[in-house]
Structure formats: structure tokens, C-alpha cells
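Student: Structure, please.
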Amino acid sequence: QVQLAESGGGLVQPGGYLRLSCTASGSIFSIRRMAWYRQAPGKQRELVASISSGGDTNYADFVKGRFTIFRDNTEKTVDLHMHSLKPEDTAVYYCHQEVQTTVVFRYSAFWGRGTLVTVSS
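Tutor: Just a heads-up that it's a prediction; the model follows:
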């Protein structure tokens, strides 16, 4: 099985910075796409940013120029650097990874449990 462990959430003032990190562990053969999603209260979960195994990135319009996604294939980690945070960025942020395990040789999607980001003065 595969586990995703997220860290880095918390309370930050508007204009501030936070870094989220997500590390995969378990019976992992390879990881294809890595991504961060978020879900604000009363809203649907939405894509924030993703990065392919080759390093191609994709960002939601509402974070372009403010957030940056990085991956470390050796450490099986995906980080989200969040600059110029706004109150509307307040949400639970979820890590998502498409993993090929050593048991089942097809890619499956795994989710982290989420980490809360609160942007408030």
C-alpha cells in the first residue's frame, strides 16, 4: 500500500508565505503525476497545481505567479511553495499522486489526508 504524508499547513497573514510538503511511502515502483488540490468550506475540491514525471507543470489561474510546485523523484516528495497568500487561499490542501506499486503494475491514484491552510490577519 501507499501512504502520503503532508506537512506545512498553518496560519499565515495575508501576503505571507507557506511551504507544503508531501512524501510518499510504501510499495512504490514509480510515480507519474504529482499534484496539490484544495477544498474550501462549502466548495468543491479543485486543482491547484500539478507536475508530471518529466517536470511539466500546470497551475490553476488563481495561483499563477504566486505558487510554485516542485518534485524530488528520489525522495518521492512534492512541495508547494505559496507566496503572496490571500484570505481566499484558505482551504484544506490535499496531496495527490499517481503511483505504480510493486504489487499492482498499473497506476493508481492516492490522496493525502489534507493539511489546513488559513490566511487571516
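Student: My guess is Thr102 contacts Ile28. True?
Tutor: Yes: using C-beta atoms under 8 Å, Thr102 and Ile28 qualify as a contacting pair, with a distance of 7.1 Å. (Each C-beta comes from the backbone N, C-alpha and C, glycine too.)
Student: more neighbours, these two?
Tutor: Counted by other C-beta atoms under 10 Å, Thr102 and Ile28 do not tie: Ile28 has more neighbours, with 16 against 10.
Student: Against Val117, how distant is the more buried one?
Tutor: When C-beta to C-beta, to the nearest Å is the yardstick, Ile28 and Val117 sit 26 Å from each other.
Student: who does Ser108 bridge with?
Tutor: Each beta-bridge partner of Ser108 is listed here: Val99, as defined by DSSP bridges.
Student: Look at it and report its pLDDT.
Tutor: In this model, Ser108 is scored at 94, pLDDT.
Student: Tell me which stretches of this structure form helices.
Tutor: For the chain, applying DSSP state H gives no helices.
Student: Spatially central residue for it, please.
Tutor: Compute the mean C-alpha point of the chain, and by C-alpha atoms, centre = their mean the closest residue is Trp36, 2.7 Å away.
Student: Many thanks, have a good one.
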